[in-house]
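> missing the sequence, but the structure's below:
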């Protein structure tokens, strides 16, 4: 054991102490941990780490096995937490027990490993007034009970966000209950089948091997086996009979038909032989067969649920509550649940809040971020008479909106409906495999009947036994397990790599993909502005001008303002300049650095901000606005020094009076290691395309930097779809990686689509796969794994078919005794399953990429 | 070999008991979270929530 308790078992967590991202040059956010000084990459990480350590839970850092997300987006949500204390809002998700005892269900975001659970549990349980907290690792959901007279729900939610996680109350609802019941039933069926199988095998083995067994004992064992097999066939195998019956009613031949037929015939024949005292028994084969099939289905069910639940949690664009102005234009406010809004109501939407419904602005001027709906990363300015869309985020100043569409009529709802339809149409490709299986089953039945008839003519006494042995030995088991076993294992492995599969066909198609089409915004970049460079003029220091800019932008939610505040370079000892204090070490990112806002701030939307600091007037914004002149000086060369042209930088000017004192360069940042990830993909023989709605210059720079084979700027959604269709017309198989709702038609149009976990929620619901954590390297792993899976499925099918080609004629000729049939059947299924299990520790040769990816402990299902 | 006449029914009874236990476990939620408890055992809960008490390396 190493005696440095820091990051003992995870030496690869270099970079930021909290989130592991590289620490930018010049950043200085020290953290004291067990007597050592560690570096964080940003103030958010620093604050979160400090809170965790100060509350005595530093052990989290020693135990974690995966890196958390960088705390960033919590701010806007924080403002809304207070709403969750209102009784009318609580009524949908809080259970009132006694007078003051409340219980709520929470979804936790950003949980990546078991240590996160531990940390959250300890942190919440340590709050005074919290009675109990229970977190389920598998579902990432928590149940909290608290005493309402001592603590409010908002305080609990705030405590969670203090340590870098996000908690959303949710209505556990019916789908959860249904799944829980289904899973419970499946476990019971599996348990019965497993126990039955083991015990029947105990009776069967001596019957096969012993030479001196008396007839009474043999009979006793048969009866005991019969008693054990009855519940296995009657209870555990019930779903197969139901499924077979359903298939037959619809006149198609699924895998359930031969399974039910094999189980049924073998069981009935065995019962007959037990009663009559002659012939063979197949109880061991029957029970093992059922157990193996049930295991496969159970694993598959869990994997499916995992994928579904993750998507479900993401669909929460519309807020729970909103501020209504019943007497508008009078200012009386009331908090109402969104469900109680009516068309014609006026609602007040403050900066940082999400619009609850579609409507028209009647008062106010603001910038609204519609990225969720349109994919446009920059906010759109809205004034009186502008239309606003539910689900978009108000960023600059308060708006009063008259609601004209609600619930199912809103644009968001209609988009969701469209996606639903697109989804239901898609999996047709995947049915091909089923059709081939049905064909095989049909052939098998024909052969069985033919064999039965032939033997009936030759030797009627043997006919039944031969039919049974044909049905048992053909083992639809190996065939039935060949594909699902491989797919399930691969899906589980992919999930652990950070790629959720939401559609069955995704893996298969991904393996065959020849072209990878990227949508730039949010896929290759973070979709968030960050401060690139500060150029102070007239001998001022970088810190001083940054502090001025932050003070001017203190009250704004505009992305430029946010970037100026958050990425503000700070010296090691911030001097009290302009009242800027050294930031304390607790609280969230924003709270961590008290910025004294400038006085008499005036915001001119779309242009800039003016304010007073120390009796001097400062203006920040577009060069024209800041200098208040028609011919402002040009910004410095964008390709200066250590920062070569990095996409498009936007320049913001800061002026004191009319004298220009600093330039700030802001740009969208490319995701970490995008270039390495893309190089790996190219190595796999994929052609890379970049489609973007952005201007040519920016797209070109990024495309060249990252080495795309083809790129297309200024593309509208229709153009993107046309581009994808054109590729498909050439016979290419297109995988699309996107993030916004405007990508949805394109995502649906591509043969296989992958959404980024940070992107718009609904796009994820439409995509075949969802990539969590935004690490592009996952894609290359995913494709390699998908190809390996195809290979394993082919091996499995080949083995199953080859086995059947030998076994069927042997059984048809009467050379297969029950124990040979049993062993053959078990061996072939076991081989198939073991072969599939090789995928579970599949490793792509590492390419020095994102350390957290390999052991990202997204639950492997048992 | 006569002992088998006793042992075989006995094994049936045993299987019955185990099956009952399994069904009880499934009903009472023992299988609801198969990951978390395993990890929470390893986590050290004894450290008092004071940063000063953290063991020095």
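Happy to help now that I have it. In this text, all values refer to a predicted model and were calculated from it rather than measured experimentally.

> what segments of chain B are strands?
Counting by DSSP state E, chain B has no strands at all.

> looking at the chain, which helix or strand is least sure?
Going with chain A. helix A:589-592 (a mean of 37; mean pLDDT, DSSP states H and E).

> that helix: what's the following helix or strand?
Once helix A:589-592 ends, the next helix or strand along the chain (criterion: DSSP states H and E) is strand A:599-604.

> direction included, what does that next one pair against?
Strand A:599-604 has the following strand partners under DSSP bridges: strand A:608-613 (antiparallel).

> pLDDT of the strand it pairs with, averaged?
Regarding strand A:608-613, the rounded mean pLDDT is 83.

> pull up the pairing partners for the helix or strand following that strand, direction included.
Per DSSP H and E, the first helix or strand lying C-terminal to strand A:608-613 is strand A:616-621. If you go by DSSP bridges, strand A:616-621 pairs up with strand A:608-613 (antiparallel), strand A:650-656 (antiparallel).

> let's verify residue A:191: helix, strand, or coil?
Classification of residue A:191 by DSSP: H, G, I helix; E, B strand; the rest coil places it in helix.

> for it, list the residues it contacts.
B:19, B:22-23, B:26 (Cβ atoms under 8 Å, 6 or more residues apart in numbering or on different chains). From N, CA and C alone the C-beta is placed, and that goes for glycine too.

> so can I have a markdown table of those showing pLDDT?
As requested, the contacts of residue A:191 are exported to a markdown table (pLDDT from 0 to 100):
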| residue | pLDDT |
| --- | --- |
| B:19 | 93 |
| B:22 | 91 |
| B:23 | 92 |
| B:26 | 89 |
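
> give me the subset of these that lies in helices.
Residues of the contacts of residue A:191 located in helices (DSSP state H): B:19, B:22-23, B:26.

> tell me, how many residues neighbour the nearest residue to residue A:155 once chain neighbours are set aside?
Take residue A:155 and drop its neighbours on the chain: the residue closest to it by Cβ to Cβ, 6 or more residues apart in numbering or on different chains is residue A:127, 7.1 Å away. For residue A:127, the neighbour count with other Cβ atoms under 10 Å in any protein chain shown is 17.

> quick one, phi psi at residue A:127?
As for residue A:127, its main-chain torsions (degrees, to the nearest 10) stand at phi -70, psi 140.

> which residues sit in contact with it?
A:146, A:151, A:155-156, A:159.

> can you rerun that using 7 Å?
By Cβ atoms under 7 Å, 6 or more residues apart in numbering or on different chains, residue A:127 lies in contact with A:151, A:156, A:159.

> check residue A:366 too.
Counting by Cβ under 7 Å, 6+ apart, residue A:366 touches A:382, A:394-397, A:399, A:605.

> cool, and residue A:661?
By Cβ under 7 Å, 6+ apart, the neighbours of residue A:661 are A:536-538, A:540, A:545, A:654-655.

> helix/strand/coil for it?
Applying three-state DSSP: residue A:661 is strand.

> gap between it and chain B?
42 Å (Cβ to the nearest Cβ, to the nearest Å).

> buried only: go through the ones in helices among the contacts of residue A:191 for me.
Among these, those that count as buried by neighbour count (16 or more other Cβ atoms under 10 Å in any protein chain shown) are B:19, B:22, B:26.

> pLDDT below threshold where in chain B?
Low-confidence segments of chain B, defined by pLDDT under 70: B:1, B:40, B:43-57.

> quick one: the helices in it, in order.
Here chain B has its helices, by DSSP H, at B:3-27, B:36-42.

> next one: the most centrally placed residue in chain B from chain A, what distance?
Residue closest to the average C-alpha location in chain B (Cα atoms, centre = their mean): residue B:30, at 7.9 Å. Here the criterion is Cβ to the nearest Cβ. By it, residue B:30 lies 9 Å from chain A.

> do residue B:17 as well
Counting by Cβ to the nearest Cβ, the gap from residue B:17 to chain A is 10 Å.

> domain parsing of chain A, as residue ranges.
According to automatic domain parsing, chain A comprises the domains A:74-171, A:174-312, A:497-525+A:672-784, A:526-670.

> quick check: closest non-adjacent residue to residue B:27.
Using Cβ to Cβ, 6+ apart, the nearest residue to residue B:27 is residue A:184, at 7.1 Å.

> that neighbour contacts residue B:28, doesn't it?
No: using Cβ atoms under 7 Å, residue A:184 is not in contact with residue B:28; the gap is 10.1 Å.
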